[in-house]
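**Student:** show me how the following folds:
(chains A and B)
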Number of protein chains: 2
Amino acid sequence: MKIGKGVEWAAHACTLLAGLPSDKSLPKEALAEFLGVPAPYLAKQMQALSRAGIVNAHRGAAGGYQLAKPIDVINLWDITAAVEGTESSFRCTEIRQNGPCAMTTSECANKCHIASAFHEAEMAYRKVLKQTSLKALALNGANDMNETTKVDVLRWLDFHSTTPLKKPTYK
Amino acid sequence: MKIGKGVEWAAHACTLLAGLPSDKSLPKEALAEFLGVPAPYLAKQMQALSRAGIVNAHRGAAGGYQLAKPIDVINLWDITAAVEGTESSFRCTEIRQNGPCAMTTSECANKCHIASAFHEAEMAYRKVLKQTSLKALALNGANDMNETTKVDVLRWLDFHSTTPLKKPTYK
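**Tutor:** Numbers count the residues shown, from 1 in each chain, chains lettered A, B, ... in the order given. You can find the predicted model right below:
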């Protein structure tokens, strides 16, 4: 069971965007530079976040990405689901209905107990991520920084951020 | 995030082996026939279960697989871990230490909060699987069967099971 690194990148990108003033956006090249990751691959994750309504993407010279919602409304499951999708990690192929002693459809009215346990586990997993707000990630992340780093980050954001048109031109 | 179908096969194989008398084993071809899955690929999952000490594998004419532990001791996480491994699904690449405002090693004394949330989620996932005993899976699965199917399964197991040497010749 693996989560692609795109989720990690997207989560850090959102945490950085959480530090922007609400009228500002950050060009994708700046975002990639800050995170130290390749811009073309990061762009794919940002497009996924945009499609999910987590960020707004503005085109043009003053374009870039900004959060589309308040930071206490976005959570880590939203970000994970945007990048990885919402499909269950366990796929039940109804093995009960195979072979020489196959169970009948009526005997399979209850969901397979193996599949049920994986479903319950997945819900527990998602619950923890849903309880992890972007606000908490951003604040806790900032709390780990010393004052010099905090000032560096704010200066860097101020220098690289842009003021896009009010209305996003694409999502 | 995906769990391979080998986990589903292994879990159903263990559930079937739970119905065997303790001195009996089931040849791999019979196990594959019962589950309606390809024997060579199932054999890989059974080898993984054997390496993890969940099943004993007996060679020879009267060989086959049997559970190596009581059914209330084996749980769904044991089976999943045997097949998929125990590596965390989320891999933290310490993005905090990248880029123009990289955090210092001392600022990163606390684990990244994104990685921490995924770790907590994974522990919640595993906890549900750990709480799901093979005994519960076998009993609940049998409870879904009507009497005819139960009799069919027991007859089939009686016909196909073998009595191996007491000591497993390989694991």
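**Student:** Provide the contact partners of the host helix or strand of A:Ala48 at residue level.
**Tutor:** The secondary structure element spanning A:Ala48 is helix A:39-51 (assigned by DSSP states H and E). Helix A:39-51 has contacts (CB atoms under 8 Å, 6 or more residues apart in numbering or on different chains) with A:6-7, A:9-10, A:13-14, A:28-29, A:31-33, A:35, A:55-57, A:65, A:68, A:79, A:82-83, A:170-171. (Glycine included, C-beta is placed from N, CA and C.)
**Student:** now do stretch A:110-125
**Tutor:** By CB under 8 Å, 6+ apart, the residues outside stretch A:110-125 that reach it are A:88-90, A:92, A:94-96, B:3, B:8, B:11-12, B:15, B:76, B:121-122, B:124-129, B:132, B:136-137, B:140-141, B:144.
**Student:** ok, stretch A:153-160 next?
**Tutor:** Here stretch A:153-160 has contacts from A:Leu16, A:Gly19, A:Leu20, A:Lys24, A:Leu26, A:Pro27, A:Ala30, A:Phe34, A:Met145, B:Pro100, B:Cys101, using CB under 8 Å, 6+ apart.
**Student:** one more time with 6 Å, if that's ok
**Tutor:** Contacting residues not belonging to stretch A:153-160 are listed as A:Gly19, A:Ala30, B:Pro100, B:Cys101 [CB atoms under 6 Å, 6 or more residues apart in numbering or on different chains].
**Student:** do the same with stretch A:62-77
**Tutor:** A:17-18, A:25-27, A:46, A:53-58, A:126, A:129-130, A:132-135, A:162-164, B:117.
**Student:** that stretch - what's its average pLDDT?
**Tutor:** Summarised as a single mean, pLDDT over stretch A:62-77 is 93.
**Student:** give the buried subset of the contacts of stretch A:153-160 as a PyMOL selection command.
**Tutor:** Buried subset of the contacts of stretch A:153-160, written as a PyMOL selection, criterion 16 or more other CB atoms under 10 Å in any protein chain shown:
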select buried, (chain A and resi 19+30) or (chain B and resi 101)
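**Student:** just the CA atoms of stretch A:116-126, as PDB, please.
**Tutor:** The C-alpha coordinates for stretch A:116-126 follow below in PDB (Å, rounded to 0.1, in the frame of the first residue of the first chain):
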ATOM      1  CA  SER A 116     -16.000  -5.000   5.500                       C
ATOM      2  CA  ALA A 117     -12.900  -5.000   7.800                       C
ATOM      3  CA  PHE A 118     -10.800  -3.200   5.100                       C
ATOM      4  CA  HIS A 119     -13.600  -0.700   4.600                       C
ATOM      5  CA  GLU A 120     -13.800   0.000   8.300                       C
ATOM      6  CA  ALA A 121     -10.000   0.400   8.400                       C
ATOM      7  CA  GLU A 122     -10.100   2.800   5.500                       C
ATOM      8  CA  MET A 123     -12.700   4.900   7.100                       C
ATOM      9  CA  ALA A 124     -10.600   5.100  10.300                       C
ATOM     10  CA  TYR A 125      -7.600   6.200   8.100                       C
ATOM     11  CA  ARG A 126      -9.600   8.800   6.400                       C
END
